[in-house]
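J.: following is a predicted model, sequence given first.
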Amino acid sequence: MMSVTETSKNMYRISEYNYCLDYNTEIKIIFNTFSGAIVSMSSTEYSRFMDLSLCTDSELETFHSVGLIIPKSNDTKRVIDFNRAAGVFSNKKHTYAILTTTECNARCFYCYEKGTPHYNMNIDVADKVSNFISSKSAEKSKIDVQWFGGEPLLNPTVIDRIVCNLQQLSITPSYSMITNGLLFDEKMLQHSLKNNWAIERVQITLDGDKKEYENRKQYVNVSNAFERVIENISGLLKQSINVSVRLNYDVNNVDSIIRVIDTLGERFSAYKNFKCYVYPLFDIHEKTELEQLEANKTLLKLWNILKNKNLYKVNLPLYRQTNCYACNANSFVIHPSGDLFKCSMDLENKVGNVDSVIDKNNILLDWCDINLSDKCHECIFLPLCQGGCTAGKLGIAHINCFLEKNVIDDLLKMYYEEKILNKAI
């Protein structure tokens, strides 16, 4: 007769989503990309783990509780596929990125909207947008509204109108804004943002210190733009609005990014509602191995500088149900004309209009396609990436896998040292 222990051992198998890293000759780090668990083991413990017949029931229970082993009857890939489909077609959350205008007061050389005809949303379209959101929203669905552009603050009248309309329709979205941050005035900071507009989060992009920033933004007839944006960030934080600063970098402005990190650290590191992160500008070519190595070093260097300035906490990428809001069947980018798109990086292929029934055309179906390539479906990082950027897959953008993939070993080491090793000492 088989013992209880032998029965338990025959119940489990090792998860295919265990990513193993040799921290040194004695310690191994295991990161389960599905459960998010990260554990360290000695080489001896790891050998026992890899041969489940050597493990006790207590060890098996521990491994199972964090997802390092799973019942043999479980098919995690099918679970991930099921969850992806559920996420894409879920009615529980709707996201609307509303372009109040395609005009902008900056002239960023890397803007993917360059060449887009200038168009301001009018009040008639704003009313139709409000009714569209109301008609699409289920009774208990969560609604996110993101003000976008162009520069959304070039058309604040439309923001006033849509917010007021939705209030009258008893719809209370979570509001956020992506802006260059220059046009906030005292009235907005003191009244409109928090009270009238109910803005919870603002994302602002900086491209370096004063000289680099103003050179890249190319504002027309604007003096001291950098100082004004920094002061506006301060004003937002004092109004308890969450501010996220995105630092766009490439091979030409890394030193300038380091200098602006110093400025942000001095001014804002004490604010809990302030977040700062770096992001590489998208390349238009495949990197050579040497170029990728240099890109990895740059990203890690900037992360460490942010960490030393108390602007960055080491976190691992976690399981995501879908790759982004654009692939959700109930989420849209709304153009100032009222035309509907799936992604702000694709303002050429519309999927409908706020004033008409949405046709399940091939463009919509391409964005909401739950199928993945064999390469993605077999990848150990599938739970963190879900097939990568759909805009990249469709050939619209030069983005593929998640940002951390190329530096995952270094990120795991940083996390282990900060969150696990230091606590054990």
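T.: Received, thanks.
J.: gap between stretch 225-238 and the chain center?
T.: 23 Å (Cα atoms, centre = their mean, to the nearest Å).
J.: residues contacting it, please?
T.: 180-182, 184, 189, 193, 202, 204, 206, 209-210, 213-214, 217, 219, 222, 243, 245, 263, 267-268, 271, 273-274 (Cβ atoms under 8 Å, 6 or more residues apart in numbering). Backbone N, C-alpha and C define where each C-beta goes, glycine included.
J.: determine the longest helix present in this protein.
T.: helix 289-308 (DSSP state H).
J.: which residues touch that helix?
T.: Residues contacting helix 289-308 (Cβ under 8 Å, 6+ apart): 247, 249, 251, 254, 257-258, 261, 276-278, 280, 287, 312-314, 403, 406-407, 410, 414.
J.: pLDDT on the helix or strand following it, on average?
T.: Downstream of helix 289-308, the next assigned helix or strand under DSSP states H and E is strand 332-334. Average pLDDT, strand 332-334: 97.
J.: quick one: strands adjacent to strand 332-334?
T.: Sheet pairing of strand 332-334 (DSSP bridges) gives strand 93-99 (parallel), strand 339-341 (antiparallel).
J.: figure out how far that strand is from the centre of its chain.
T.: That offset, for strand 332-334, works out to 17 Å (Cα atoms, centre = their mean).
J.: buried ones in it?
T.: By neighbour count on 16 or more other Cβ atoms under 10 Å, the buried set for strand 332-334 is 332-334.
J.: what's in contact with it?
T.: 95-99, 129, 132, 148, 326, 340-344, 347, 351-352, 354.
J.: ok, now which ones touch residue 361?
T.: residue 351 are the contacts of residue 361 under Cβ under 8 Å, 6+ apart.
J.: residue 367 versus that one, what's the distance?
T.: 10 Å (Cβ to Cβ, to the nearest Å).
J.: what sits in contact with each of these two?
T.: residue 351.
J.: what's the stretch of helix or strand residue 129 belongs to packed up against?
T.: Residue 129 is located in helix 123-136, with elements delineated by DSSP H and E. Counting contacts by 3 or more Cβ pairs under 8 Å, 6 or more residues apart in numbering; DSSP states H and E, helix 123-136 is packed against strand 93-99, helix 156-168.
J.: rounded mean pLDDT for that helix, please.
T.: Rounded mean pLDDT across helix 123-136 is 95.
J.: which parts of that helix are buried?
T.: Buried, per 16+ other Cβ under 10 Å, within helix 123-136: 125-126, 128-130, 132-133, 136.
J.: show me which of these is closest to residue 49.
T.: residue 136 (48.4 Å; Cβ to Cβ).
J.: so the closest one makes contact with residue 94?
T.: Yes - the criterion here is Cβ atoms under 8 Å, and residue 136 meets it with residue 94 at 6.2 Å.
J.: picking that back up, residue 155: which of the buried residues of helix 123-136 is nearest?
T.: Checking the buried residues of helix 123-136 one by one against residue 155 (Cβ to Cβ), the nearest turns out to be residue 126, at 9.3 Å.
J.: the closest one contacts residue 162, doesn't it?
T.: Yes - at 5.2 Å, residue 126 counts as touching residue 162 under the criterion of Cβ under 8 Å.
J.: can you give me the strands in the stretch 101-250 of the chain?
T.: 142-148, 174-179, 199-206, 242-249 (DSSP state E, counting those that start in this stretch).
J.: between those, which one is nearest to residue 86?
T.: Ranking the strands of the stretch 101-250 of the chain by their distance to residue 86 (criterion: Cβ to Cβ) puts strand 142-148 first, at 15.1 Å.
J.: thinking again about what came up before, in helices, which of the contacts of helix 289-308 fall?
T.: 254, 257-258, 261, 410, 414.
J.: so which of the residues you listed wins on neighbours?
T.: Most neighbours among the ones in helices among the contacts of helix 289-308, by other Cβ atoms under 10 Å: residue 261, with 24 neighbours.
J.: for that one, give me the pLDDT.
T.: pLDDT, read off for residue 261, is 98.
J.: list the contacts for the residue most central in space within the chain?
T.: Nearest residue to the geometric centre of the chain (Cα atoms, centre = their mean): residue 324, 7.6 Å. Neighbouring residues of residue 324 by Cβ under 8 Å, 6+ apart: 389-390.
J.: next up, phi/psi of it, please.
T.: phi -170, psi 170 (degrees, to the nearest 10).
J.: follow-up on the earlier one: just the CA trace of the helix holding residue 129, in CSV.
T.: The C-alpha trace of helix 123-136 is given here as CSV (Å, rounded to 0.1, in the frame of the first residue of the first chain):
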residue,chain,number,x,y,z
ILE,A,123,-19.4,70.7,-27.0
ASP,A,124,-21.8,68.7,-29.3
VAL,A,125,-19.2,65.8,-29.5
ALA,A,126,-18.5,66.1,-25.8
ASP,A,127,-22.2,65.5,-25.1
LYS,A,128,-22.2,62.5,-27.4
VAL,A,129,-19.1,61.2,-25.6
SER,A,130,-20.9,61.4,-22.3
ASN,A,131,-23.9,59.5,-23.6
PHE,A,132,-21.7,56.9,-25.2
ILE,A,133,-19.9,56.2,-21.9
SER,A,134,-23.3,56.0,-20.2
SER,A,135,-24.7,53.6,-22.7
LYS,A,136,-21.7,51.3,-22.6
